[in-house]
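Sequence and predicted structure below; questions after.
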Amino acid sequence: MRMVLAAAFALCTLGFAQALTIDWTAVKEGANGGGQWRAGGSDFTLSKGGQASYAAVVNIKTIGAKYVFAVSNYTNAGSNNNNRVAFEIGSGKWTIGGYNWADANPTKGKPSITYTEGFDNTVTTGQHVLGVSYDWQSNGTGTVTCYLDGKAFAVLTGTLKDSALNTLVWGKAYYEAGNNHDYTGQAEYSVYYASGVLATGEDYAAFLIPEPTALALLALGVAGLALRRRAA
């Protein structure tokens, strides 16, 4: 019986590992937000004419508000002039923000954002996967698809004004520490990127790990099937 349960759990774990078909690179792990990023690194820099994907695997403990996860260009630590795409939370709902794409003014520089019709964007505690897939043309125009838990949530289109993206940000405003845009909830997170890849919903959904209860039920089902066959 124990061997059957162990084998069932191993199969579940193996299935999850095999589901990650993209070669993701881990960037940062941490807890409770608070501004974790790597700026100016050549390892995950995206330039015009390229593609890249970014993921934040989040375990929300308490629901807060403000900025959660962003991909941007960290051009100046004291100013608000870096283009970016971000997952945000407001009034218990997930939203997408796009700022300073074609202009340093956040209002003038906003891209076009189209949300998936009928998408339930209610924020819940527990595990979530936030995905951002960039397709950046050589002429500066870009299409960014944002995924929530493996489903296309919103598509942003417009012109990115900067020469490259080189910053991933978790849990705070993108350009300056200690302001009133920091995420107010409690969460654990892991951030990943994949250069030269345009990830799809299936790629992001592969990060979702079945809950322990679901694993236990699956293991018991496999064990029951094995015992039934043995009895027969």
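Structure received. Residues are numbered from 1 along each chain as shown.

mind listing what's buried in stretch 141-149?
141-142, 144-149 (16 or more other CB atoms under 10 Å). Every C-beta, even on glycine, is put in place using the N, C-alpha and C of the backbone.

The residues you listed in helices, which ones?
Using DSSP state H, no member of the buried residues of stretch 141-149 falls within helices.

Out of those residues, which comes closest to Asp203?
Set against Asp203, the nearest of the buried residues of stretch 141-149 by CB to CB is Tyr147 (8.6 Å).

which residues does the closest one bridge with?
Gly131, Ala152 (DSSP bridges).

Please report the distance of it from Asn82.
Tyr147 is 22 Å from Asn82, where distance means CB to CB, to the nearest Å.

repeat for Ser72
For Ser72, the distance to Asn82 - CB to CB - is 5 Å.

same thing with Ile96?
Counting by CB to CB, the separation of Ile96 from Asn82 is 17 Å.

Kindly report the same for Asn105.
Per CB to CB, Asn105 is found 13 Å from Asn82.

now swap in Thr167 and tell me
7 Å.

what stretches of this protein score poorly on pLDDT?
Flagging of the chain using pLDDT under 70 yields the residue ranges 1-19, 29-44, 74-81, 104, 163, 172-181, 210-232.

pretty sure Trp101 belongs to a strand, no?
No: per DSSP: H, G, I helix; E, B strand; the rest coil, Trp101 lies outside any strand segment and is coil.

How many residues are close by it?
For Trp101, the neighbour count with other CB atoms under 10 Å is 25.

surely it meets Thr157?
No: between Trp101 and Thr157 there is no contact under CB atoms under 8 Å: 9.5 Å.

Now the common contact residues for those two.
Common contacts of Trp101 and Thr157 (CB atoms under 8 Å, 6 or more residues apart in numbering): 111, 142.

For the residue nearest to Gly150 when sequence neighbours are not counted, grab phi and psi.
Spatially, and ignoring its direct neighbours in sequence, Gly150 is nearest to Ala205 (2.7 Å; CB to CB, 6 or more residues apart in numbering). With angles defined as degrees, to the nearest 10, Ala205 sits at phi -60, psi -20.

tell me the contacts of Ala205?
129, 149-151.

filter these to the buried ones?
Buried among those (16+ other CB under 10 Å): 129, 149-150.

now those in JSON lines, with distance to Ile60?
As requested, the buried ones among the contacts of Ala205 are exported to JSON lines (distance: CB to CB, whole Å):
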{"residue": "Val129", "distance to Ile60": "12"}
{"residue": "Asp149", "distance to Ile60": "12"}
{"residue": "Gly150", "distance to Ile60": "16"}
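
just checking, which of these belong to strands?
Cross-referencing these against strands under DSSP state E gives Val129.

Many thanks, we can stop here.
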